[in-house]
Every structure is written in C-alpha cells, then in structure tokens.
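# kindly generate the corresponding structure for this input.
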Amino acid sequence: MPSFGIIQLNEVAEYEYLTELAKQAHEFGFECYRFTPKNIDPISQIVTGYKFIHSEKEWVQVQFDIPTILYDRCFYTNEKEVKEYSPIIHWLKSRKDLIFLSHGFPNKWDVYQCLKLSPSLSPYLPETKKVLSFDDIRPYFLNNESFLMKPLFSSQGRGIYVIEPSKDSVSIKTVKQGNLIHKILSFHQAKKWIIQLIKKYSYLIQPYLSLNNHDSRPFDIRVFLQKDENGNWIERGKCVRIGPIGSFLSNISAGGEINSFEDGLSKIRQEYRRFIEQEINEIVRSIPTIVEEKYKQLFELGIDIGIDEKGAIWLLEVNSKPGRKSILKTAPDLKNTLFQAPFLYAKYLLNNKIVEKVRE
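I've put the predicted structure just below:
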C-alpha cells in the first residue's frame, strides 16, 4: 500500500483538517502519515511522526520511511523558519523517488513578480514594493498617503498593518486574535517603530485600497481551485469574506464572516455584477497556467480578489496552500470532494510515474 505523507511545521497545526483528510486515505489505498521536517533522521532517513490508524480513527506516533507521496502544508511565518526548514523540503523535492502534490510558492514577493510579468494580470495588481529601508516608505509620509505593510511570509492576515500618515500624526492599525488594534503616534515614533519592525521581518508595501462594501465593511472574494483525478484544474467554489465594521481584514481569523458569492454581491447592480463575474473568471482562468510555468507542478490555489469603492477590481493574493473553511462555510456539500481530491490527484501522479518508468 503506497504511503501518503503530510509535512507540517507544527504537529498541532490544521489538526482537524488533517484528521478528516486522513479518514479518506484508506478508501483510496493509502497509508497516511504526518510529520515535521526536523523529525527526519539525516543518517537513517527514518521519520518519527504519526500514522493514522483507520480502524481506530486516530493518530499514533511511530517511526517510518519517508512516504512516497508528500503533501506540503508547511506555513512559514518568518525568515528563521525558512532557513531552518526549507533546505530539508528542497532536498525532498530533489529526490526522484518521491512525489510532491505541489511545489508551492517561495514567498509573496516572488509570486508578485511572477504575476506582474503577465500582461493580462498586471493591470489588476496593486503596486507593490519590497521594503529594504525606511527610504522605501518615506514617500507615503511626505504625501500623507495611506499604505499597507504585509509580511513576506504570513497567512490568515497575520502581521498586516494599515498606516495612515497625516500632517500631525500617524495612525497604525492591525488585527490580533480577531481584535482591531489602533494606535496614534508622532512621525518620529512611527518611523522608529517601522525601522525596528523591518529589522526583524521582511515586509512588502502597497497603497491602501479601500475595499469596502455598501455597509462600509471590508470584503474580498476567495476562489478555490484544485486539480482533479485527471490533472485538470477545477474551480471548486468561490465565496465572499466580509470583515467587521472598522476593520480592514475580511479573514475568518480576523473576525470575518462568509457569504455565498451570489449573496455577497447581491447589492451590486445587475449589469455591473455581470461585468465583475466576467473579469473574475478571466483572472482565475489565466492564473494556473502562468504560475505553473514558473513554479512547476501545483495542486491547489486560493485566489483573493478585491473590489474598491470606485468599482476597480484588484488581484490581492494567490496562495498555493489555501485553507478550506471559507468555501465549506457556503458549500458544506463539497466536503467529501475537497478531502478526497489530494488522494485522487496523488493516484494520478503515481500512475503517471509508473507509465514514465515503463517508457524508460
């Protein structure tokens, strides 16, 4: 029976999702394991991790060989973690005896540069710069223009700041554990704080886009794509994420709620809604081909799209390791489809590898 391994940085991360996923493994002929990169013995190449026991419906700690199929669910939050773990992941990806469902993306800046090269996508991208020093930020302060600071490595809206300079002070907002944190600093205090922040972490900056709906609540559109059992991209669903009044994030982790795509856009006049749908479909249709040309094989994508108060459409982010909560909130009937997809695609990759070996 082939082995299916889930790689994670934290043994408790996504526990509920990975357990539901593992329950499907036996039906598709896989033994399911999960482990962290640091738990691979570099000499024996034996892994200490967890095996899902189908009869007991629980994880048991065991030692095992590196699984044949690997599903990378590692979420890096800073450069330290990247330096510590990514060399092991690169080593695993270089091995011809192992199969990764997806090669994934390195970081947000790399993905932005890839998308920016596409004539069809670049008009939808907010102008983005990598922060190397405070000089990269200074023009926003000189012009009293609001901007957003986004970590190079982050997920679920963590570590994002909205900074609004004015003549006499600087407003700084962020969301922590679902709560909006707001402080007012002088220019010198804000400058000192930003310099300390960018010394610790790598950040991107963008103009702040007011992505609010008719109720003055932040919202965006999440589109979820996966490959099917034949290796074809399928749109599994899309939804609208709506944040609390006064916030600037719409993520569930930031206190957001989920609406169906139809309900979320219901108060936009019909003729413009049709235009939005067409534009979104065009954006979504072109992304998989563009990113796979650079990042090789991928398995799933989360695409976030915003609409500002002037009606302009923005491509906010493309994520190679998306969550499923948003889509399942509006389409719970998709649960089996989403949880079976990794194994169906794994069988497709495994069968193709066997065929390639026969041809050799």
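# distance of residue 43 relative to residue 85?
Going from residue 43 to residue 85 by CB to CB, to the nearest Å gives 19 Å. Every C-beta, even on glycine, is put in place using the N, C-alpha and C of the backbone.
# more neighbours, these two?
residue 85 (17 against 5; other CB atoms under 10 Å).
# give me the pLDDT value at that one.
Note for residue 85: predicted pLDDT of 94.
# setting aside sequence neighbours, what's the nearest residue to it?
residue 37 (4.8 Å; CB to CB, 6 or more residues apart in numbering).
# where does residue 114 land in three-state SS?
helix (DSSP: H, G, I helix; E, B strand; the rest coil).
# quick one: it from residue 232, how far?
The value you get for residue 114 to residue 232, if CB to CB is used, is 22 Å.
# ok, the two, which is more surrounded?
residue 114 (17 against 10).
# off-centre distance for stretch 29-41?
Centre-to-centre, stretch 29-41 and its host chain are 22 Å apart (CA atoms, centre = their mean, to the nearest Å).
# straight-line length of it, end to end?
27 Å (CA to CA, to the nearest Å).
# and the helices in the protein, which stretches?
15-25, 79-94, 108-116, 138-142, 187-200, 261-264, 270-295, 325-330, 335-359 (DSSP state H).
# switch those over to a markdown table; also include distance to residue 102.
Formatted as a markdown table, the helices of the chain follow (distance: least, CB to CB, whole Å):
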| stretch | distance to residue 102 |
| --- | --- |
| helix 15-25 | 15 |
| helix 79-94 | 10 |
| helix 108-116 | 14 |
| helix 138-142 | 36 |
| helix 187-200 | 29 |
| helix 261-264 | 25 |
| helix 270-295 | 9 |
| helix 325-330 | 18 |
| helix 335-359 | 9 |
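# list the contacts of the nearest residue to residue 347 once chain neighbours are set aside.
Take residue 347 and drop its neighbours on the chain: the residue closest to it by CB to CB, 6+ apart is residue 28, 6.4 Å away. By CB atoms under 8 Å, 6 or more residues apart in numbering, the contact set of residue 28 is 340, 343-344, 346-347.
# weakest of the helices of the chain in terms of mean pLDDT?
Among those, helix 335-359 scores lowest, at a mean of 82.
# which parts of it are buried?
338-350 (16 or more other CB atoms under 10 Å).
# one more: stretch 213-226?
213, 217-226.
# OK, contacts around the spatially most central residue of the chain?
For the chain, residue 319 is the residue whose C-alpha lies nearest the centre (CA atoms, centre = their mean; 3.4 Å). The contact partners of residue 319, taken as CB under 8 Å, 6+ apart, are 105, 155, 301-304.
# by neighbour count, which of these wins?
Ranking the contacts of residue 319 using other CB under 10 Å puts residue 301 first, with 24 neighbours.
# ok, residue 25 touching residue 343?
Yes. The criterion here is CB atoms under 8 Å, and residue 25 meets it with residue 343 at 6.3 Å.
# what's the overlap in contacts for the two?
Common neighbours of residue 25 and residue 343 (CB under 8 Å, 6+ apart) are residue 4.
# in contact with residue 6, which residues?
Residue 6 touches 18, 21-22, 32-35, 70-71, 73, counting by CB under 8 Å, 6+ apart.
# residues contacting stretch 158-171, please?
Counting by CB under 8 Å, 6+ apart, 77, 140-141, 144-151, 154, 172-175, 182-187, 189-190, 194, 201, 208, 248-249, 253 sit against stretch 158-171.
# alright, I will stop here.
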